[in-house]
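# Output the structure for:
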Amino acid sequence: MKGSGRKLLGSGIAADLEAEIIDGRLEAGSRLEENEIARRFEVSRTPVREALQLLAARSLVERVPYRGVIVSEISQAEIEQLFEAMGELEALCGSAAAQRMSIGERAELLELHRDMEALAAAGERADYAEVNAAFHNRLFEGAHNRYLTEAAEALRLKLAPFRRAQLADITRMQRSSAEHAEIVAAICERDADAAARALRRHLVSAAAQILARWAPGRARGGSLSRDKERTVKLGDRGAPDTAHDPHARAMADSGGD
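So this is what the prediction gives:
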């Protein structure tokens, strides 16, 4: 129980520090001192070390020789590339899941989606984010390909802070739920191509939202200005065809996931 309690405590500290890094309150290059964090949260150094290990696994901090734990510099280009890669992996998983999921697995996915619809309508952001992670994990597992699942889960860990951050906006959370409806419909109809397209659009939308709110001055490539927010997209492979797809064009214009 003691070890479990420390783990939960470490996760909570990591979540607070993660939010401060994403929002720019902890700037790139800042040194995270264990003793200082322990005093701030009134805990021992053990859960602080666990928190820093979690942040390092998410590439938000790095251990630098003779300097300690430093907040990482993350450029807009790096975020775009992460979302692009995630979009392609999720598209592959969704395509496979549409063909391979059992009736029971499809029912579980639909139930998770309905839970999220209710949470989005109620504005329950924390609970929505938790069920959202379960929803996407169910998609990965539904591909019935261990290597695809492992790759998707590993990359999702790196993207988790950014995906949680963009779901902090209630409007975005509700839009995300609507996008999930398209994904579920395609999978339940066993339409592999439609599932892949819907998942790519979903990740493009998520990337647009997080890049639009990315803290000014944090990224090496500079911050987005307001006049550029609505043109954010991934590379050509991951972006929807907005010229011929009215739904994708509407999402791109809305600038959110």
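
# Mind telling me what element Arg63 is part of?
Per DSSP states H and E, Arg63 falls inside strand 61-64.

# Okay, now the sheet partners of that strand, with direction.
Paired with strand 61-64 in the same sheet, following DSSP bridges, are strand 68-71 (antiparallel).

# if we look at the strand it pairs with, which residues are touching it?
21, 26-34, 52, 55-56, 60-64 (Cβ atoms under 8 Å, 6 or more residues apart in numbering). Placement of C-beta: from N, CA and C, glycine included.

# what's the neighbour count on Asn35?
9 (other Cβ atoms under 10 Å).

# Hmm, I typed the wrong one, I wanted Ala207.
Neighbours of Ala207 under the rule other Cβ under 10 Å: 29.

# Nearest residue to it in space, please, no chain neighbours.
With Cβ to Cβ, 6 or more residues apart in numbering as the criterion, Ala207 has its nearest non-adjacent residue at 3.7 Å, and that residue is Phe83.

# if I pick Arg163, what's in contact with it?
Ala129, Asn132, Arg156, Ala206, Ile210.

# Point out where the stretch 151-257 of the chain drops to low pLDDT.
Residues of the stretch 151-257 of the chain that meet the criterion pLDDT under 70 lie in 213-257.

# Report the separation between the residue at minimal distance from the centre of the chain and Ala19.
Geometric centre of the chain, nearest residue: Arg163, 2.5 Å, by Cα atoms, centre = their mean. Distance, Arg163 to Ala19, using Cβ to Cβ, to the nearest Å: 13 Å.

# And Leu89, by the same measure?
With Cβ to Cβ as the criterion, Leu89 and Ala19 are 25 Å apart.
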